[in-house]
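# Let me see the structure of the following:
(chains A, B, C and D)
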There are 2 protein chains.
Amino acid sequence: MTQTDSTKIDDFNLQEFLPYLLNRAAEESSLEFQQIYKDRYGILRTEWRVLFHLGNYGEMTAKEIGERARLHKTKISRAVHRLETRRYLVRNRSETDRRVENLILTQMGQSVYRELSGIAEQYDAKLMAQFNADEVALLRKMLRRLAHMD
Amino acid sequence: MTQTDSTKIDDFNLQEFLPYLLNRAAEESSLEFQQIYKDRYGILRTEWRVLFHLGNYGEMTAKEIGERARLHKTKISRAVHRLETRRYLVRNRSETDRRVENLILTQMGQSVYRELSGIAEQYDAKLMAQFNADEVALLRKMLRRLAHMD
DNA sequence: GAATAATAGTTGATTTTGTAACTAACAAGC
DNA sequence: GCTTGTTAGTTACAAAATCAACTATTATTC
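Numbering: from 1, shown residues only, chains lettered A, B, ... in the order given. Reported below is the predicted structural model:
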């Protein structure tokens, strides 16, 4: 099927459409890493995000994680429940506001986080290796801007 | 929660981790556009991808779409079914191989595609406007590489 | 300080996805 | 030309995501 096919409608080029490119790159670049935490620890994408937020930033509440990771509270709630069941974290109800619970990684959770963040670092290095340092720095900057993380 | 918090475990920085950045940027940059095709035409992400492949490349089989868009055949099958129900496309069984069906956008499908691709183009322009042309060209190139699209 | 509104988090119903097993058609080997 | 293997696409069942309604607690307002 070529560009000159009679059924081609307009001049829009999907291959250049930024949201599509971003999604394809995100899917592709996550695939391998995703497989590792799924196969090895049986955790899902959302659980990975929660685990990494706690490991990376330390003790937080569900709400704080939701804001930082841009995850909906129901997703967080279920992810926290599963991580708790696996004994990767414990909840600590706030003394000052009994609605709030502080989430804390257990020894086991920390150990899983450390192992996975090590693998993540290696994986990241491998991805970056195909570009030069300036390019990677610019890429990160642009992605942070697009993600409203700056 | 700061970096110096006692519960912080290591030196890994989530904000710099490429797969995470790519996912966040992809989610964020798709959100607004996604809302449009969802609210206006009631179609899902996978259906959007199938529709755009057919609109952009012309008549194709489910298998070809799957390869190009990196979508699993069950996803395609269901998306095609729904697009067919909405009368956005028709199936045309191949004469030479009765297993294969060529997928063709109807007038209605083409019209929806044209409207959405127009919106997509505007949206893309808006996203790019926050960077200069060189930066955008490099970003696209790097994303295509990461997505194995080159 | 009682009534109302707002917030943190959970639960349930529905939709969507993922995995595997399936059907139908074609291809290859003998 | 019949058995075996492969391919295109579908379907069934389980797992996960989404959305709205819910509980419990705190904040606000009169």
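
# which residues does the residue nearest the centre of chain A contact?
Per Cα atoms, centre = their mean, the C-alpha nearest to the average position across chain A is that of A:Arg49, at 4.8 Å. Counting by Cβ atoms under 8 Å, 6 or more residues apart in numbering or on different chains, A:Arg49 touches A:Ile65, A:Ala69, A:Leu71, A:Ala79, B:Tyr20. No exception for glycine: its C-beta is placed from N, CA and C like everyone else's.

# cool, A:Tyr113 as well?
A:Leu51, A:Phe52, A:Leu54, A:Gly55, A:Leu105, B:Ile9, B:Asp10.

# What strand or helix carries it?
helix A:107-128 (DSSP states H and E).

# buried stuff in that helix?
A:Gly109, A:Gln110, A:Val112, A:Tyr113, A:Leu116, A:Ser117, A:Ala120, A:Glu121, A:Tyr123, A:Asp124, A:Leu127, A:Met128 (16 or more other Cβ atoms under 10 Å in any protein chain shown).

# cool, and stretch A:128-142?
Quick answer for stretch A:128-142 (16+ other Cβ under 10 Å): A:Met128, A:Phe131, A:Val136, A:Leu138, A:Leu139, A:Arg140, A:Met142.

# what helix or strand does the residue of chain A found nearest DNA strand D sit in?
Proximity to DNA strand D, evaluated over chain A using Cβ to the nearest atom of the strand, is greatest for A:Arg98 at 3.3 Å. Following DSSP H and E, one finds A:Arg98 outside all helices and strands.

# right, and the helix or strand after the longest helix along chain A?
In chain A, taking DSSP state H as the definition, the longest helix is helix A:18-41. On the C-terminal side of helix A:18-41, the nearest following helix or strand under DSSP H and E is helix A:45-57.

# out of the buried residues of stretch A:128-142, who's nearest B:Leu44?
A:Met142 (27.7 Å; Cβ to Cβ).

# For chain A, what lies in contact range of DNA strand D?
Proximity of chain A to DNA strand D (Cβ under 7 Å from any atom of the strand) is limited to residues A:Leu44, A:Arg45, A:Thr46, A:His72, A:Thr74, A:Lys75, A:Arg78, A:Thr96, A:Asp97, A:Arg98, A:Arg99.
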